[in-house]
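K.L.:
Below are the sequence and a predicted model; questions follow.
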Amino acid sequence: MDTWTVLSSHSALYRHAAPGLQEHLLTVQSRLRALFIEHGTLQRIRQAIARNQWLPPEGWRALQLEEARGLALHAARRVPYYRDLFGRLGVDPLTWRSLDDLHALPELSREDVIEAGTGLLAEGGPLLRFRGSTSGTTGRALAGWRDRASIAFEQAFVERQAAWAGYRPGERRAWLRGDPVVPAHQAGGALWRMNRAENTLLLSSYHLSPANGAAYIEALERFDPVLLQAYPSSVSHLARWLEEHDRVYQGASLRGVVTSSETLSPADRQLIAERFGCRVFDWYGAFERVAAIGTCEHGNYHVLEDYGCVEFEPNGDGSSNLIGTGFGNRSMPLLRYRTDDVVVPADPGYRCPCRRSFRVVERVLGRADDVIRTPDGRHVVMLDWLFTGLFGLLEAQVVQERLNEVRIRIVAGSEFGVAGEQELLARALERLGPRVTIRIERVARIERTRNGKFRQIVSRLSGEQ
Ligand SMILES: [Zn+2]
């Protein structure tokens with residue numbers, strides 16, 4: 001276990017410390033992390049991507065070819081999996097003349113990566129590498145390796161997104177994501193901790209409830225951050241609380257909310273913007289680091305063409321699966337990795353008023369396996385519209401137990417009464433059909449995944465049903 005895991009909010013030391021000491025641990029951890037980052041690499045990438053965002057299409061396509069070829073050459077020389085694959089297929093990246101040569105490689109699936117194991121790890125260093133893994137909620141967990149350069153690469157892109165939201169380094173920031181900054185057993189007291197090294201207020205997303213919405217809003221207003229980085233489910237919980245209490249957020253400095261890690265629905269995005277009185281920026285990234293999508297000042301989702309090569313694989317219904325080749329991780333290069341994520345690409349002729357030429361997607365629909373299946377054979381995704389405009393409803397999750405049985409678990413304030421439940425039931429029936437039995441269950445809170453993420457749809461059906 002490395003030093004900063006011991007100091008982090010995930011450790012036993014942190015869990016048992018007093019709040020004051022916890023704040024010291026968070027601060028020390030940040031200072032150590034700052035020492036660890038490769039500053040030269042970070043600075044170089046920051047400067048490069050500050051320029052790259054303004055490249056014309058032919059400019060970023062040339063950049064992509066150069067990056068993809070360099071990555072494939074590195075993979076051919078240092079990564080056993082690709083050495084074998086290229087040998088069998090007779091691939092020589094030195095001869096690549098266009099991105100079509102990259103696109104001729106076979107797709108790499110999640111199962112391929114799990115099977116390949118350390119065969120995808122580059123030989124010969126760097127020595128310092130870290131292994132992360134997915135939460136494995138939908139099957140076997142996938143392991144990913146990172147090094148200092150890949151961590152710097154990711155950080156530079158996250159910083160550029162924060163800059164698009166109007167944030168400058170060092171300014172006050174609030175953070176409402178999956179970090180267990182307040183131990184689960186703590187019921188009272190402050191549900192947030194200050195990280196002085198990063199001038200960041202970290203709020204617990206695990207303790208949000210109808211009863212403490214006021215405390216969270218007041219803590220945010222008192223700290224008055226310039227930027228709020230949050231899980232969509234957590235900040236929309238607060239936005240709905242504000243709506244229910246006929247209030248808007250009063251902090252004077254907030255320029256933007258940046259959401260990520262879960263799917264943000266258009267309705268939630270609008271509600272957050274209205275109640276927090278600022279623009280909402282949504283970031284899509286993948287654990288496998290093969291693709292990233294960011295939101296510009298005009299609210300459009302741009303494929304970050306300087307982060308990786310992203311291909312849209314059409315599903316025939318206007319949506320596309322994402323296939324990506326990320327440029328940032330030489331310790332574990334993935335070429336043409338097929339993600340589980342689905343987007344709706346915009347008209348290719350659309351030009352964003354921000355003047356960046358990076359391709360635009362209309363919507364990020366999220367994971368392909370988050371679906372409800374109906375007895376008549378339909379697959380229903382993105383159920384957010386079920387909950388839109390229902391006053392007093394703070395969180396909702398749809399759980400499919402059997403093909404003809406669905407539970408809707410809700411966290412609701414006092415304003416959400418029988419009429420609200422009936423409306424919700426009517427909407428669900430209309431969409432899922434009369435052959436599905438739907439029950440509404442009021443709960444105090446909805447459990448998060450191991451990484452603290454909210455899942456709107458949980459299917460307990462096996463793959464064969
Ligand atoms: Zn734009």
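P.N.:
Perfect, thanks for sending it. Numbering: from 1, shown residues only.
K.L.:
secondary structure class for V257?
P.N.:
Here V257 is recorded as strand under DSSP: H, G, I helix; E, B strand; the rest coil.
K.L.:
How about L55?
P.N.:
Judged by three-state DSSP, the three-state class of L55 is coil.
K.L.:
any idea how far S233 is from the most centrally placed residue in the chain?
P.N.:
Most central in the chain under Cα atoms, centre = their mean is S261, positioned 1.9 Å from the mean C-alpha point. According to Cβ to Cβ, to the nearest Å, S261 stands 9 Å off from S233. Bear in mind the C-beta positions are built from the backbone N, C-alpha and C, glycine included.
K.L.:
next one: L432
P.N.:
Plainly put, L432 is 22 Å away from S233 if you go by Cβ to Cβ.
K.L.:
Compare these two (neighbour count), which wins?
P.N.:
Legend: neighbour count by other Cβ atoms under 10 Å for L432 and S233, higher for S233 (27 against 24).
K.L.:
Would you verify that that one is located in a helix?
P.N.:
Yes - S233 forms part of a helix when assessed by three-state DSSP.
K.L.:
my guess is it meets E262, correct?
P.N.:
Yes - counting by Cβ atoms under 8 Å, S233 touches E262, with 5.8 Å between them.
K.L.:
what residues do the two have in common as contacts?
P.N.:
Common neighbours of S233 and E262 are listed as K453, F454 (criterion: Cβ atoms under 8 Å, 6 or more residues apart in numbering).
K.L.:
confidence score at the residue lying farthest from the centre of the chain?
P.N.:
Largest separation from the mean C-alpha position in the chain: G90, at 36.7 Å (Cα atoms, centre = their mean). pLDDT recorded at G90 is 97.
K.L.:
quick one: whichever residue of the stretch 51-200 of the chain sits closest to the ion from R275, how far?
P.N.:
Residue nearest to the ion within the stretch 51-200 of the chain: W164 (8.8 Å; Cβ to the ion). Distance, W164 to R275, by Cβ to Cβ: 21 Å.
K.L.:
And V248, by the same measure?
P.N.:
V248 is 6 Å from R275, where distance means Cβ to Cβ.
K.L.:
same check, this time on R31
P.N.:
35 Å.
K.L.:
okay, these two: which has more neighbours?
P.N.:
Neighbour tally, R31 and R275, criterion other Cβ under 10 Å: the higher count belongs to R275, 20 against 15.
K.L.:
I'd say the more buried one and L242 touch.
P.N.:
Yes - counting by Cβ under 8 Å, R275 does reach L242; the two are 4.2 Å apart.
K.L.:
who touches both of these two?
P.N.:
Listed as contacting both R275 and L242 by Cβ under 8 Å, 6+ apart are V248, Y249.
K.L.:
In contact with P266, which residues?
P.N.:
R363.
K.L.:
hmm, try it at 10 Å
P.N.:
Residues in contact with P266, defined by Cβ atoms under 10 Å, 6 or more residues apart in numbering, are E362, R363, M382, D384, W385, T388.
K.L.:
In CSV, list those along with neighbour count.
P.N.:
What follows is these, written out as CSV (neighbours: other Cβ atoms under 10 Å):
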residue, neighbour count
E362, 16
R363, 19
M382, 17
D384, 17
W385, 12
T388, 14
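K.L.:
What is the lowest-pLDDT residue among those?
P.N.:
Among these, M382 has the lowest pLDDT, at 62.
K.L.:
Would you agree L393 is in contact with L424?
P.N.:
Yes - the pair L393 and L424 passes the contact test of Cβ atoms under 10 Å, sitting 7.5 Å apart.
K.L.:
Common neighbours of these two, please.
P.N.:
Common contacts of L393 and L424 (Cβ under 10 Å, 6+ apart): L386, F387, I410, A412, F416.
K.L.:
ok, now which ones touch the residue of the stretch 151-300 of the chain found nearest the ion?
P.N.:
The stretch 151-300 of the chain approaches the ion most closely through C296 (3.2 Å), counting by Cβ to the ion. Contacts for C296 (Cβ under 10 Å, 6+ apart) come out as 53, 161, 164-165, 279, 281, 302, 352-356, 358, 360.
K.L.:
Do any residues in stretch 358-375 lie close to the ion?
P.N.:
No - judged by Cβ under 5 Å from the ion, stretch 358-375 makes no contact with the ion; its nearest approach is 6.9 Å.
K.L.:
which of the residues in that stretch are buried?
P.N.:
If you call a residue buried by 16 or more other Cβ atoms under 10 Å, then stretch 358-375 has these buried ones: 358-368, 370-374.
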